[in-house]
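**Q** show me the folded form of this:
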Amino acid sequence: YYYVNLLTAICAFVSMLFYIFIYTILLKPRTDQNIVIGGIAGCVGPLIGYAASTNSLPLPGWILFLIIFFWTPPHFWALAIFLKEDYDAANFPMMPVIKGVAITTREILKYTLLYIACCIGFYFTTNRVGFLYLGFSIVLSLYMLYMSIDLYKKQTKALAKKFFFYSIVHLFAINIVIIIDFLSFHS
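**A** Here you go, the predicted model:
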């Protein structure tokens, strides 16, 4: 708070408390929805950034929040599929352990569609990026959609692992293209 502003401090503090108490203590050991609800804490970064730079929480920050929010479940559920036995042995109620791989891959597909909608929607709902972002977002997202459909149909650990790693690449690439396009679009 001393170095930036009160809104930034509040966002960071609430995120930290949510992660420690809601996610780690309450949800993680008790429910297969731990990733969905607990993922909220991991999405606050863009809001903290906007709060620090503008002392407000504008729409682009919320869209970035939603991008990370809908990215988190498919990413971690794919990890939980190929590490299912480890989560089971550790008694962590991850979705593949509790509800099975078939339901988990269906949920991965659903959340991937929501994630892709937010990624592409960022172009249409903000004035932060241009056609470079839109083009990359569509191409990268079509491949991610293909991978999630393939995982849903075949339900293999190998495809879950491949999806997990591609989801990292996708989110990283989306963020890099946002930066590049924003700088070129606004200069």
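**Q** just give me the neighbour total for Ser167.
**A** 23 (other CB atoms under 10 Å). Using the backbone N, CA and C atoms, a C-beta is placed for each residue, glycine as well.
**Q** how far away is it from Met94?
**A** Counting by CB to CB, to the nearest Å, the gap between Ser167 and Met94 amounts to 16 Å.
**Q** what's the spacing between Leu79 and Val177?
**A** Here the distance between Leu79 and Val177 works out to 24 Å (CB to CB).
**Q** whoops, Pro74 was the one
**A** As defined by CB to CB, Pro74 lies at a distance of 20 Å from Val177.
**Q** which of those two has more neighbours?
**A** It is Pro74, of Pro74 and Val177, that has more neighbours when counted by other CB under 10 Å, with 28 against 19.
**Q** ok, now which ones touch that one?
**A** Residues counted as contacts of Pro74 (CB atoms under 8 Å, 6 or more residues apart in numbering) are Glu107, Ile108, Tyr111, Thr112, Tyr115, Ser148, Phe163, Ser167.
**Q** try 6 Å
**A** Contacts were defined as CB atoms under 6 Å, 6 or more residues apart in numbering; by that measure Pro74 touches Ile108, Tyr111, Thr112.
**Q** JSON lines please, covering these and showing neighbour count, distance to Leu171 and secondary structure.
**A** Written out in JSON lines, the entries for those read as follows (neighbours: other CB atoms under 10 Å; distance: CB to CB, whole Å; DSSP: H, G, I helix; E, B strand; the rest coil):
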{"residue": "Ile108", "neighbour count": "28", "distance to Leu171": "15", "secondary structure": "helix"}
{"residue": "Tyr111", "neighbour count": "21", "distance to Leu171": "13", "secondary structure": "helix"}
{"residue": "Thr112", "neighbour count": "27", "distance to Leu171": "12", "secondary structure": "helix"}
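**Q** dump stretch 44-53 to PDB, keeping only the CA atoms.
**A** This file holds the C-alpha atoms of stretch 44-53, laid out as PDB (Å, rounded to 0.1, in the frame of the first residue of the first chain):
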ATOM      1  CA  VAL A  44      -6.100 -11.700  -9.600                       C
ATOM      2  CA  GLY A  45      -2.600 -10.800 -11.100                       C
ATOM      3  CA  PRO A  46      -4.000  -8.800 -14.000                       C
ATOM      4  CA  LEU A  47      -6.300  -6.900 -11.600                       C
ATOM      5  CA  ILE A  48      -3.400  -6.200  -9.300                       C
ATOM      6  CA  GLY A  49      -1.500  -4.900 -12.400                       C
ATOM      7  CA  TYR A  50      -4.300  -2.600 -13.500                       C
ATOM      8  CA  ALA A  51      -4.900  -1.400  -9.900                       C
ATOM      9  CA  ALA A  52      -1.200  -0.500  -9.600                       C
ATOM     10  CA  SER A  53      -1.100   1.300 -12.900                       C
END
